[in-house]
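A.B. asks: sequence and predicted structure, then a few things I'm wondering about:
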Amino acid sequence: MSLVYAEIEIGNPRESNLEKITVKSLVDTGALMLCIPEHIQIQLNLEEAEKREVTTADGKRHLVSYVGPLQVKFQNRSCYVGALVFGNEVLLGAVPMEDMDLIVSPSTRSLTFNPESPNYPHALVK
């Protein structure tokens, strides 16, 4: 299966004077978190909340910054999340995708709205 990318907008809700950044993000349903490169942390003036240990696919462990909050937008949906500062591209993981009720369409290999809730994000809270 080929990689799936989606255009998302990332902003710092604490600093509305800063321009939001539109980026091409790698969509990874096997990852949980939003990951951003350091240059995006700097551009959005995101404060480090703490350090977190992450394990990558090769089994290596890394100590990275956890920053936030960030507002993430995909088309007309948005969520607020923290992000790990790691890597050289934005990675959109399952947590923000679930929050915005998004899925990866296998037929088009694209990020899209859950067809069961096309107008508003749905959340299961029971």
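C.D. replies: Ah, there it is. Numbering: from 1, shown residues only.
A.B. asks: who's in contact with residue 99?
C.D. replies: By Cβ atoms under 8 Å, 6 or more residues apart in numbering, the contact set of residue 99 is 79, 81, 121, 123. (C-beta placed from N, C-alpha, C; glycine too.)
A.B. asks: report the separation between it and residue 18.
C.D. replies: 22 Å (Cβ to Cβ, to the nearest Å).
A.B. asks: spell out the residue ranges of the helices in the protein.
C.D. replies: Under the criterion DSSP state H, the chain contains helices at 38-43, 94-99.
A.B. asks: what mean pLDDT does the last one have?
C.D. replies: Helix 94-99 carries an average pLDDT of 96.
A.B. asks: what's the offset of that helix from the middle of its chain?
C.D. replies: 8 Å (Cα atoms, centre = their mean, to the nearest Å).
A.B. asks: which of the residues in that helix are buried?
C.D. replies: Of the residues in helix 94-99, 94, 96-99 count as buried by neighbour count, 16 or more other Cβ atoms under 10 Å.
A.B. asks: stretch 25-35: end-to-end distance?
C.D. replies: 9 Å (Cα to Cα, to the nearest Å).
A.B. asks: equivalent analysis for stretch 96-108, please.
C.D. replies: 21 Å.
A.B. asks: and the nearest residue to residue 46 once chain neighbours are set aside, what does it touch?
C.D. replies: In space, and not counting its chain neighbours, residue 46 is closest to residue 67: 4.0 Å by Cβ to Cβ, 6 or more residues apart in numbering. Going by Cβ under 8 Å, 6+ apart, residue 67 touches 36, 41, 46-49, 82-83, 85.
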